[in-house]
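Colleague: What follows is a predicted structure for the sequence shown.
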Protein chains: 2
Amino acid sequence: MHEPAAAAAKPYHHGDLRRALLDAALTIIERDGPAALTLRAVAREAGVSPAAPYHHFHDKNELMSAVAKDGFRRLNEAMANAVKESGPGELGLAYVEFAHANPALYRVMYDCARSAETFPEQSEKEHDGLELVKQAIAKAAGGKINELDLELTAIAAWSSVHGLAEISRFDKCAPLKELLGGERAFIKAVLEHAPMFLATKREH
Amino acid sequence: MHEPAAAAAKPYHHGDLRRALLDAALTIIERDGPAALTLRAVAREAGVSPAAPYHHFHDKNELMSAVAKDGFRRLNEAMANAVKESGPGELGLAYVEFAHANPALYRVMYDCARSAETFPEQSEKEHDGLELVKQAIAKAAGGKINELDLELTAIAAWSSVHGLAEISRFDKCAPLKELLGGERAFIKAVLEHAPMFLATKREH
DNA sequence: TTTCGATCTGGACGGTGCTTAGATAACACC
DNA sequence: GGTGTTATCTAAGCACCGTCCAGATCGAAA
């Protein structure tokens, strides 16, 4: 429509401030952590007044949600790449490694998802992480799995990796990581031990 | 040392303000949600000036941590009760149900744990939730499980229930809950499906 | 009784999310 | 090209936040 190149000598009207605000938010998140992610800081980073963002987002929460949505998009991208490059067996590892590589973003993502009690949906199936998990499970089951079991299993899998993504950062896990020779090995080991605890569920 | 009964006509020196502040924090969390949990609101609720809490907690974070620690104590208590009343097979259910019964508290608990990157330890083993999980797993395995496998399995179990506690609140799960006839049934079903997704991990 | 240290108040500082009023510039139309 | 319309941005201000400080209050040791 207009874009005057989005640079050079602040032309009062920014051109694409919405995009610039999202970029600024990501910069702040990665540089200063999620606590520093204030609306005013984002505006400052983008070089505009504190009130400017309100013409592009209804409130702070809406900006955060947009950041979160972008984060989920990137997460799903990482998962899709993992399937393409290493097969569906690496899905869980890719998930946890994304969360560890972008801890502040991951936190903002779930903070938003929690308060909205909703999960950013991706329009195309091949870019929806949960859909990828379902496909992997269906493939592993040789197609012989009904829809209900598939849904429940996918949620169980998502729960496991999300829980592990959060818990593995606690210092309680540090000795195990060292023992196993690195975070990656630790994550793999835990994910492979997930079925064992189910034994305690069967025997009652 | 002194306690003048902690009631009746504000005697300038409160008597046990520290305890009163923690109680006030819990009241606010349950009544107004985690976003309303400000230091000033806690002081207001306890009927003291905004600066009073600083004589009992170094800063807001320290107050939150105390609340979180209390929360983990109650969670572990709930888990211990579940084992006593229904056997170790109900541990996961008890965990998720606690998180759902106290959503705001649960959120504060993990917010604190995350920022400290540490997990409030409980001094006595019989009151440590992770210890309960280990015992349940060891019992289910008939004692034939080495220490490493036990640790990894316990972390996998904790990851699953923590993840499920968060994810099951998303509206994506609502249709499944309805289909299965309630949240409790849904949680049980997901926990029982956890092993199936592991199939996708084996076949590579 | 005097002193002392712990506890609490009132007031202040900078930072926050958000609102309102007004300045600025890009666009659509004549 | 001149005109008005509309979206965008700024400046100023509101109430609230976490935190600090000087001083009032009080319990207990000396």
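Modeller: Nice, thanks for sending it over.
Colleague: Is any residue of stretch A:106-117 near chain B?
Modeller: Yes - between stretch A:106-117 and chain B, judged by C-beta under 8 Å from any C-beta of the partner chain, the touching residues are A:R107, A:Y110, A:A113, A:R114, A:E117. In short, each C-beta sits where N, CA and C put it, glycine included.
Colleague: Same question for stretch A:167-179.
Modeller: Yes - counting by C-beta under 8 Å from any C-beta, chain B has neighbours in stretch A:167-179: A:I167, A:S168, A:R169, A:F170, A:D171, A:K172, A:C173, A:L176, A:L179.
Colleague: Find the helix or strand that the last one is a member of.
Modeller: Taking DSSP states H and E as the definition, one finds A:L179 inside helix A:174-180.
Colleague: Report the rounded mean pLDDT for the lengthiest helix in chain A.
Modeller: Assignment by DSSP state H gives helix A:60-86 as the longest helix of chain A. For helix A:60-86, mean pLDDT is 93.
Colleague: now do stretch A:121-136
Modeller: Mean predicted confidence for stretch A:121-136 is 80.
Colleague: Now name the helix or strand holding the closest residue to A:Y110 other than its chain neighbours.
Modeller: Closest residue to A:Y110 apart from its sequence neighbours, by C-beta to C-beta, 6 or more residues apart in numbering or on different chains: B:E166 at 7.0 Å. Using DSSP H and E, B:E166 sits within helix B:147-167.
Colleague: Next, the angle from that helix to helix A:147-167.
Modeller: 110 degrees (axes from the mean of the first three to the mean of the last three C-alpha atoms, to 10 degrees).
Colleague: Can you list the buried residues in helix B:147-167?
Modeller: For helix B:147-167, a neighbour-count test (16 or more other C-beta atoms under 10 Å in any protein chain shown) marks B:149-167 as buried.
Colleague: Can I get it in CSV, CA atoms only?
Modeller: The C-alpha coordinates for helix B:147-167 follow below in CSV (Å, rounded to 0.1, in the frame of the first residue of the first chain):
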residue,chain,number,x,y,z
GLU,B,147,18.5,-46.1,40.6
LEU,B,148,19.0,-44.4,37.2
ASP,B,149,15.9,-45.9,35.6
LEU,B,150,14.0,-45.0,38.7
GLU,B,151,15.0,-41.4,38.6
LEU,B,152,14.3,-41.0,34.9
THR,B,153,11.0,-42.7,35.2
ALA,B,154,9.9,-40.5,38.0
ILE,B,155,10.9,-37.4,36.1
ALA,B,156,9.0,-38.7,33.1
ALA,B,157,5.9,-39.2,35.3
TRP,B,158,6.2,-35.8,36.8
SER,B,159,6.6,-34.3,33.4
SER,B,160,3.4,-36.0,32.2
VAL,B,161,1.2,-34.9,35.0
HIS,B,162,2.5,-31.4,35.0
GLY,B,163,2.1,-31.1,31.3
LEU,B,164,-1.4,-32.5,31.5
ALA,B,165,-2.3,-30.2,34.3
GLU,B,166,-1.6,-27.3,32.1
ILE,B,167,-2.8,-28.5,28.7
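Colleague: chain center to it, what's the gap?
Modeller: 14 Å (C-alpha atoms, centre = their mean, to the nearest Å).
Colleague: now stretch A:30-49
Modeller: Mean-position distance between stretch A:30-49 and its chain equals 20 Å (C-alpha atoms, centre = their mean).
Colleague: what's next to it, contact-wise?
Modeller: A:10, A:14, A:17, A:20-21, A:23-25, A:27-29, A:50-53, A:60, A:63-64, A:102, A:104-105, A:107-108, A:111 (C-beta atoms under 8 Å, 6 or more residues apart in numbering or on different chains).
Colleague: Quick check: buried residues in stretch A:38-58?
Modeller: A:L39, A:A41, A:V42, A:A43, A:E45, A:A46, A:V48, A:A52, A:P53, A:H56, A:F57.
Colleague: Any chance of those residues in CSV with pLDDT as columns?
Modeller: As requested, the buried residues of stretch A:38-58 are arranged in CSV below (pLDDT from 0 to 100):
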residue, pLDDT
A:L39, 97
A:A41, 97
A:V42, 97
A:A43, 96
A:E45, 96
A:A46, 95
A:V48, 95
A:A52, 95
A:P53, 96
A:H56, 95
A:F57, 96
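Colleague: Of the residues you listed, which pair is most distant in space?
Modeller: Using C-beta to C-beta, the buried residues of stretch A:38-58 reach their maximum pairwise distance at A:A41 and A:H56, which is 15.9 Å.
Colleague: Which elements pack onto the helix or strand where A:A99 lies?
Modeller: In this assignment (DSSP H and E), A:A99 forms part of helix A:91-101. Packing partners of helix A:91-101 (3 or more C-beta pairs under 8 Å, 6 or more residues apart in numbering or on different chains; DSSP states H and E): helix A:60-86, helix A:129-140, helix A:147-167, helix A:183-193.
Colleague: After it, which helix or strand is next?
Modeller: Next helix or strand after helix A:91-101 toward the C-terminus (DSSP H and E): helix A:103-116.
Colleague: neighbouring contacts of that next one?
Modeller: A:26, A:29-30, A:33-34, A:37, A:61, A:64-65, A:67-68, A:71-72, A:74-75, A:98-99, A:119-120, A:162, A:165, A:169, B:107, B:114, B:166, B:169-170.
Colleague: gap between that helix and the chain center?
Modeller: How far helix A:103-116 lies from its chain's middle: 8 Å, per C-alpha atoms, centre = their mean.
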